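S.K.: Build me a structure from this.
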Amino acid sequence: MNLPRQENIIPEKVYLMNNKNNHADIIEIFSSIQGEGPYIGYKQIFIRFSDCNLNCAYCDTDFEKADYINLIINNNIEKIKNPVSPIELYNKIKVLFSDFHHSISFTGGEPLLWQDFINNFIEIINSHNHKIKFYLETNGTLPDRLQQVIKNVNIISMDLKLESSTNQPVLWEKHRDFINICLDNNKEIFVKTVVTKNISEKEIKQACNFIKLIEKQVSLILQPVSTNDKDLVLSSDELINLQSQFLQDLSDVRLIPQVHKFLNVL
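M.R.: Just a heads-up that it's a prediction; the model follows:
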């Protein structure tokens, strides 16, 4: 009897038997460019998870659970029923691997609410020898869940949630623990904070002191808020001045808007 070659054996049936309840609710999946932070312009596969543990005032993303996932490929939309298993998701999106992508972006909502799903999904991707990185976009408030996925992700984009943007107290201790986990595991991390006209001198000083206390240098990205509320939007001069204020204490502060919105792409 001819046995299959070992490298062709995919343990998907065994995986399904052991992970029957490992499903996630996802909003949408699409291929586009990264429009925020230092990886602007890099082509990524975006997987947007539902749900979030915060309720930020400026949030511009619909992350409510839906009955179906919108899988967008070449401007065509396929509806996939929620919740979905890691293997079902891989089988649906594997066609995207025929085109080069720098990374898969896990975004939301808050993707770390689905940390077990992410780990198992990455395991499946790696078992098929796809050469792709894993990029985590997170609010940086769930260090315990980060600890469970940190070895599997490559790049972490962490939001620093200022009260002037969120109308919620800043979770400084959780942010600190979150960053330390990344650094302890030698992961690339940068900090992104949405800024509005309501930002105060006190917040600027607090943010600078927080970044300075981190053992290794971490880039700080200032992202102008995206909103139709003109009372929150900083002018060009105000943004440049704000960056200068941060640069009085920090050496790596970048002012980067959401470029994908200027280009009118997903």
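S.K.: Distance check, residue 250 against residue 208.
M.R.: Distance, residue 250 to residue 208, by CB to CB, to the nearest Å: 6 Å. Every C-beta, even on glycine, is put in place using the N, C-alpha and C of the backbone.
S.K.: and if you look at residue 65?
M.R.: From residue 65 to residue 208 the distance is 38 Å (CB to CB).
S.K.: ok, the two, which is more surrounded?
M.R.: Higher neighbour count among residue 65 and residue 208: residue 208, with 18 against 13, using other CB atoms under 10 Å.
S.K.: Verify the stated contact: residue 38 with residue 255.
M.R.: No: counting by CB atoms under 8 Å, residue 38 does not reach residue 255; the two are 11.9 Å apart.
S.K.: Give me the nearest residue to residue 166, chain neighbours excluded.
M.R.: residue 56 (4.1 Å; CB to CB, 6 or more residues apart in numbering).
S.K.: same question but for residue 185, I mixed them up
M.R.: Leaving aside its chain neighbours, residue 185 sits nearest to residue 150 (4.9 Å; criterion: CB to CB, 6+ apart).
S.K.: contacting residues around the one you found?
M.R.: 181-182, 185, 187 (CB atoms under 8 Å, 6 or more residues apart in numbering).
S.K.: Identify the farthest-apart pair in those residues.
M.R.: 181 and 187 (8.3 Å; CB to CB).
S.K.: From residue 208, how far off is the residue nearest to residue 185?
M.R.: 26 Å.
S.K.: the strands in the stretch 101-250 of the chain, which residues?
M.R.: Here the stretch 101-250 of the chain has its strands, by DSSP state E, counting those that start in this stretch, at 103-107, 133-138, 155-159, 188-195, 220-224.
S.K.: Out of these, which is closest to residue 89?
M.R.: strand 103-107 (10.8 Å).
S.K.: which residues sit in contact with the closest residue to residue 154 other than its chain neighbours?
M.R.: Once flanking residues are discounted, residue 154 sits nearest to residue 133: 4.3 Å by CB to CB, 6+ apart. Neighbour list for residue 133: 102-104, 154-155 [criterion: CB under 8 Å, 6+ apart].
S.K.: Nearest to residue 71, out of these: which one, please.
M.R.: Using CB to CB, these come closest to residue 71 at residue 104, 13.9 Å.
S.K.: quick revisit: sec struct for the residue nearest to residue 166, please.
M.R.: coil (DSSP: H, G, I helix; E, B strand; the rest coil).
S.K.: isn't it right up against residue 163?
M.R.: No: Residue 56 is not in contact with residue 163 according to CB under 8 Å; the separation is 10.3 Å.
S.K.: Confirm that residue 93 sits in a strand.
M.R.: No: the assignment for residue 93, made by three-state DSSP, is helix rather than a strand.
S.K.: contacting residues for it?
M.R.: Taking CB under 8 Å, 6+ apart, one finds 29, 45, 71 in contact with residue 93.
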